[in-house]
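**Q** sequence first, predicted model second:
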Amino acid sequence: MRNISLILAPAVAAVLWASPAAQAATPAVQITRIHYDSPGSDRGGNKSVNGEYIVILNTTRKPIGLEGWTIRDKTGFVYEFGPDVVLGGKKKLVLRSGQGDDGASTVYWGRRWYVWNNDKDTAYLRRADGRLVDKCAYDSSRHDHTNCQER
């Protein structure tokens, strides 16, 4: 019995070691861009607040229902996707911070003031069960956006 466990141990170790690489695979839905500093000075107004947005992408060919999924920033602002939000295969969805009418490719947080800090913040995408799907952080006031797929 002792010999069997010694033979199996390297195989189990190899499987366990491969697990982190498997977990690092591209998520089915990922954050691809955060435009965190809207054009002009931050004096409010719906047009300016909507200048902030986050883009998510369905990397699969199948539609994914986002009901109950959330986008959250580091300070705790939370947007929850409604029951009618379905992200088509290989499609992008824009979440704008301000107010507007939701459509197939753009939804609105409904806020009257900005969400994303102009210098640094983190966006978290979670499934309805709370599992983290993707996150994207930035730390720069020299730019107005970050491309998250380049992480």
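**A** Cool, the structure landed.

**Q** please identify the helix or strand for Val107.
**A** Take DSSP states H and E as the rule and Val107 turns out to sit in strand 106-108.

**Q** partner strands of that strand and their direction?
**A** With DSSP bridges as the test, strand 106-108 is paired with strand 92-96 (parallel).

**Q** residues in contact with the closest residue to Phe81 other than its chain neighbours?
**A** Ranked by Cβ to Cβ, 6 or more residues apart in numbering and with sequence neighbours excluded, the top spatial neighbour of Phe81 is Leu66, at 3.9 Å. Where you see a C-beta, it was placed from the backbone N, CA and C, and this is true even at glycine. Contacts for Leu66 (Cβ atoms under 8 Å, 6 or more residues apart in numbering) come out as 29, 81, 85-87, 93.

**Q** how close does Leu66 get to Glu80?
**A** Here Leu66 is placed at a distance of 9 Å from Glu80 (Cβ to Cβ, to the nearest Å).

**Q** quick one: Asp134 from Thr70, how far?
**A** With distances taken as Cβ to Cβ, Asp134 is found 12 Å from Thr70.
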